[in-house]
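>>> Sequence and predicted model, in that order:
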Protein chains: 2
Amino acid sequence: MRVRILVSFKESVLDPQGQTVKNALLTLGYGFVKDVRQGKVFEIALDGITEEQARRAIPEIADKVLANPIIEKFTWEILTEQKKV
Amino acid sequence: MRVRILVSFKESVLDPQGQTVKNALLTLGYGFVKDVRQGKVFEIALDGITEEQARRAIPEIADKVLANPIIEKFTWEILTEQKKV
């Protein structure tokens, strides 16, 4: 089973990396870019647990290890093979 | 319109960040973790272009600015409001 966890800053937190990317895109002429937010993505391969166990473990892992809950939020999903990056 | 671009290392490229996260999870007792790959996610808000124009512009932006095509690959999608992180 593969899961994908997206971690990004909360809306209220400044995102200087995203701002820098936005400025670069505007300089390059992509004037239709209104906002850029940058975050992290984790793709985790799991073995030997059921989907139900994964649905309990993954939010715990995200909260404890992958994201800093003070300033970051996360979403996650179980990947079908087609969605694998 | 909002788009999400996922950038990750190609399979053949070592991912020391992902490896470090994997080792941390194993140490914490999450023995069912078989592999971790870490990448970047960009969420971009666009204004004043059609979806067709976005479908041309976004791969160009990803290839030129967001990813290093030598070692990274990307996928992208247009976000519906429900998918917004």
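Yep, that arrived. Computed from a predicted structure; not experimentally measured.
>>> Every contact and neighbour count from this point should use C-alpha atoms.
Fine.
>>> Could you pick out the residues of chain A near chain B for me?
Neighbours of chain B within chain A, by CA under 8 Å from any CA of the partner chain: A:6, A:8, A:18, A:21, A:25, A:32-49, A:61, A:65-66, A:74-75, A:85.
>>> if you set the cut-off to 6 Å instead, what comes out?
For chain A, the residues in contact with chain B (CA under 6 Å from any CA of the partner chain) are A:32-48.
>>> can you give me the helices for chain A?
Residue ranges of the helices in chain A, as given by DSSP state H, are A:16-27, A:51-61.
>>> what's the angle between the first one and helix B:51-61?
Looking back up the chat, that one is helix A:16-27. For helix A:16-27 against helix B:51-61, the angle by axes from the mean of the first three to the mean of the last three CA atoms, to 10 degrees is 110 degrees.
>>> State the distance from the residue of chain A most remote from its centre to chain B.
For chain A, the residue at maximal distance from the C-alpha centroid (CA atoms, centre = their mean) is A:Gly29, at 27.1 Å. With distances taken as CA to the nearest CA, to the nearest Å, A:Gly29 is found 11 Å from chain B.
>>> A:Ala62: neighbouring residues, count only.
20 (other CA atoms under 10 Å in any protein chain shown).
>>> no, scratch that, I was asking about A:Val33
Using other CA under 10 Å as the criterion, A:Val33 is surrounded by 19 other residues.
>>> was I right about it contacting B:Gly48?
No. The pair A:Val33 / B:Gly48 is not scored as a contact, 8.9 Å apart, by CA atoms under 6 Å.
>>> Give the full set of residues in contact with A:Phe42.
By CA atoms under 6 Å, 6 or more residues apart in numbering or on different chains, A:Phe42 lies in contact with A:Arg4, A:Ile5, B:Arg37, B:Gln38.
>>> Fine, thanks again, bye for now.
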